[in-house]
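Asker: the amino acid sequence is not available; the structure is as follows:
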């Protein structure tokens, strides 16, 4: 039974990843292309400033894969593989929760887990470290940024699981509604405290030394030695749209995962239920 549920989770995740890729390819990919073009133009402007100041210039790195391959095959394979992996994890969590979190129908449980996955794996870490297009972020802070983001994901998942456990323990004393509110409040307080303690990306040591204290790594206007703007900062509209489409793609991924997995699990766990309902006698109308 567990293996069958996991296989269905992988299938549902792959379908969800494909749907999310289609959305991202239509809406997010043009923003990514704009960001890459911005980065290339900014690097050229910086190189011109360095050359005028007599500083050494770095040779441009050649791309291993073309933008066409990256925008289609690369992102597509990546999102489908990510969806399948999340689907397998989703099914494992589903098996653990089945029968342990109240008298929920298989379909309802699937949608609740999908919502929890979106919240813990993506939305909560996004609130602290939102998604950025390729041109935002400095090479010297990649490892630090990656480590901090993974820490947020791990903490969010663990704290949400703890909130569910706490809600189950408090249910007998306070009732299901009040227990859920108390557990939710505990989650918000703990995750909010962690967000306050963790540094912003703009406050990392490499950024402080090179650019001063800022909240993010969003590129500011490029200035010449006299303080004149020679290249603008990253467009705010492009940053907003990229983050909006990133959230929308994750909503599609997790929502599709729950919607596809729910009927598959329901049929597996309740074989013949639909047939029994179809064969049930129709009540007479008085």
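Answerer: Yep, that arrived. All values reported here derive from a predicted model rather than from experimental measurement.
Asker: distance from the helix or strand that residue 188 is a member of to the middle of the chain?
Answerer: Using DSSP states H and E, residue 188 sits in helix 176-197. How far helix 176-197 lies from its chain's middle: 20 Å, per C-alpha atoms, centre = their mean, to the nearest Å.
Asker: likewise stretch 218-231?
Answerer: 33 Å.
Asker: pull out the buried residues from that stretch.
Answerer: For stretch 218-231, the neighbour count (16 or more other C-beta atoms under 10 Å) marks 218-219, 231 as buried. C-betas here are computed from N, CA, C, even on glycine.
Asker: ok, those residues vs residue 140, which is closest?
Answerer: residue 219 (14.4 Å; C-beta to C-beta).
Asker: and this structure, split by domain according to the record?
Answerer: 1-57+64-136+235-270, 137-217 (automatic domain parsing).
Asker: most tightly surrounded among those?
Answerer: For those, average neighbour numbers computed from mean count of other C-beta atoms under 10 Å are highest in domain 1-57+64-136+235-270, which has a mean of 17.
Asker: could you tell me the end-to-end distance of that one?
Answerer: One end of domain 1-57+64-136+235-270 sits 12 Å from the other (C-alpha to C-alpha, to the nearest Å).
Asker: closest to residue 28 among the buried residues of stretch 218-231?
Answerer: residue 218 (17.5 Å).
Asker: angles on the backbone of the closest one, please.
Answerer: Backbone torsions of residue 218, given as degrees, to the nearest 10, read phi -60, psi 130.
Asker: average model confidence for the helix holding residue 188?
Answerer: Taken as a whole, helix 176-197 has an average pLDDT of 96.
Asker: can you list the residues that contact that helix?
Answerer: 102, 124, 127-128, 152, 155-156, 159-160, 162-164, 166-171, 173-174 (C-beta atoms under 8 Å, 6 or more residues apart in numbering).
Asker: do that again at 6 Å, thanks
Answerer: Here helix 176-197 makes contact (C-beta atoms under 6 Å, 6 or more residues apart in numbering) with 124, 128, 155, 159, 163, 166-167, 170-171.
Asker: stretch 18-29 too?
Answerer: By C-beta under 6 Å, 6+ apart, stretch 18-29 touches 71, 76, 79-80, 245, 249, 252-253, 256.
Asker: what does stretch 117-135 give?
Answerer: With C-beta under 6 Å, 6+ apart as the criterion, stretch 117-135 contacts 32, 35-36, 38-39, 149, 152-153, 156-157, 160, 191, 195, 242-243, 246, 250, 254.
Asker: again with stretch 1-8
Answerer: By C-beta under 6 Å, 6+ apart, stretch 1-8 touches 88, 91, 95, 264, 268.
Asker: appreciated, that's everything.
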